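K.L.:
sequence below, structure please.
(one chain, ligands or ions: 1)
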Amino acid sequence: MTSPDTRPHQGSPDRYPAGSAAFPHRDLTGLAGLAPWELLYLLDEAQQWVELNRQSHKRVDRLKGLTIINAFFENSTRTLLSFEIAGKRLGADVVNMHAAQSSVKKGETLIDTAMTLNAMHADAIVIRHQSSGAVQLIADKVDCPVLNAGDGQHEHPTQGLLDALTIRNAKGEIAGLKIVICGDILHSRVARSNIHCLTTLGADVRVCAPPALMPADIEALKVTPFHDFNAALAGADVVMMLRLQQERMEGQFIPSPREYRHLFGLSLDRLARAKPDAMVMHPGPMNRGIEIDSNVADLADRSHITRQVEMGVAIRMACLDVLTRKARGLEGWA
Ligand code: CP
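P.N.:
The predicted structure follows:
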């Protein structure tokens with residue numbers, strides 16, 4: 001799979017305050033409630049790491065001597081690896097805790113696990129957990145910055161940021177774009193973080209799902225809901241597909257994968273309803289042949305799926321860098 005090259009954005013430094021005031025938070029537990037300029041600041045900070053990551057020598061010493069713990073209570077490929085690569089490229093010592101091989105399996109509580117990580121004097125803890133709110137619970141108990149790597153159906157903030165960076169580098173501006181997010185909106189933390197980020201930055205966000213997979217209060221998030229994917233796609237600049245999250249479903253939410261694909265799958269024919277240069281995105285992991293056809297996912301000039309993964313490393317480097325400033329003796333969160 002290939003993806004088109006990007007046009008790096010020049011940044012928006014006139015739109016946020018100088019220094020640590022541009023992101024005055026200890027933790028990154030979600031994108032809800034962040035100001036447009038706080039989001040823009042993180043996107044701008046990430047751009048330098050996009051450039052570094054494309055060079056043959058990719059390591060700097062900015063976080064030398066710091067310890068970052070990645071505590072993953074749920075499976076991950078992209079997020080875990082990119083946080084690990086991000087920490088290492090910034091020169092930190094990075095350790096990974098996989099819940100399946102930890103004392104969580106012996107019955108240790110989340111709070112006791114958090115207190116144990118805290119006692120090891122980590123300088124930042126990155127957490128993925130299957131329960132919405134678990135990351136905030138840990139953030140309330142520990143002394144260092146906490147980064148949410150996805151909690152239940154709640155948020156996946158670095159995914160929202162990396163998607164915004166991918167869109168901005170391809171389209172130049174996010175404000176005014178028509179962005180369709182289609183799939184299992186109900187169970188998707190990716191959808192929620194993208195909605196918070198993209199609406200805050202001025203995009204016209206349309207969400208599309210079968211009625212059973214659409215949250216009842218979705219319009220409160222300032223998006224336009226659709227149950228007809230063809231109608232949602234009309235004139236779209238960006239089409240972001242999500243997988244069915246079977247692991248979070250109790251009971252039957254769709255009649256069958258075949259019928260779901262027929263109504264909500266992205267095929268070449270259906271993509272033709274969007275703008276001719278509409279971007280195709282997917283956070284992964286993909287279920288090819290269900291929510292997206294392979295010949296769409298692999299479109300060389302339209303699919304940005306591998307570019308999303310690339311931007312993920314840069315965004316995670318930016319977040320680790322910004323949130324550990326205080327640990328490095330710099331001006332940071334109050
Ligand atoms: N997009 C995403 O969160 O992928 P992983 O589950 O592989 O981390």
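
K.L.:
now the residue of the stretch 151-300 of the chain found nearest the ligand: closest residue in space, sequence neighbours ignored.
P.N.:
Among the residues of the stretch 151-300 of the chain, residue 283 lies closest to the ligand, at 3.9 Å counting by CB to the nearest ligand atom. Where C-beta positions appear, they are placed from N, C-alpha and C, glycine not excepted. Excluding the flanking residues, the one nearest residue 283 by CB to CB, 6 or more residues apart in numbering is residue 190, at 4.8 Å.

K.L.:
for the one you found, what are phi and psi?
P.N.:
phi -60, psi -50 (degrees, to the nearest 10).

K.L.:
gap between it and residue 14?
P.N.:
According to CB to CB, to the nearest Å, residue 190 and residue 14 sit 30 Å apart.

K.L.:
the two: who's more crowded?
P.N.:
Set residue 190 next to residue 14 and count neighbours by other CB atoms under 10 Å: residue 190 wins out with 25 against 6.

K.L.:
on that earlier part again, so is the residue of the stretch 151-300 of the chain closest to the ligand in a helix, a strand, or just coil?
P.N.:
Secondary structure, DSSP: H, G, I helix; E, B strand; the rest coil: residue 283 is coil.

K.L.:
swap in the one 3 residues further on?
P.N.:
Under three-state DSSP, the three-state class of residue 286 is coil.

K.L.:
next one: the one 10 residues further on
P.N.:
Reducing the assignment at residue 296 to three states with three-state DSSP gives helix.

K.L.:
circling back to that earlier point, for the residue of the stretch 151-300 of the chain closest to the ligand, give me its contacts.
P.N.:
78, 156, 159, 163, 190, 240, 242, 308 (CB atoms under 8 Å, 6 or more residues apart in numbering).

K.L.:
try residue 287
P.N.:
Taking CB under 8 Å, 6+ apart, we find residue 287 in contact with 243-244.

K.L.:
so where's the stretch 101-250 of the chain uncertain?
P.N.:
Where the stretch 101-250 of the chain drops to pLDDT under 70, the residues are 249-250.
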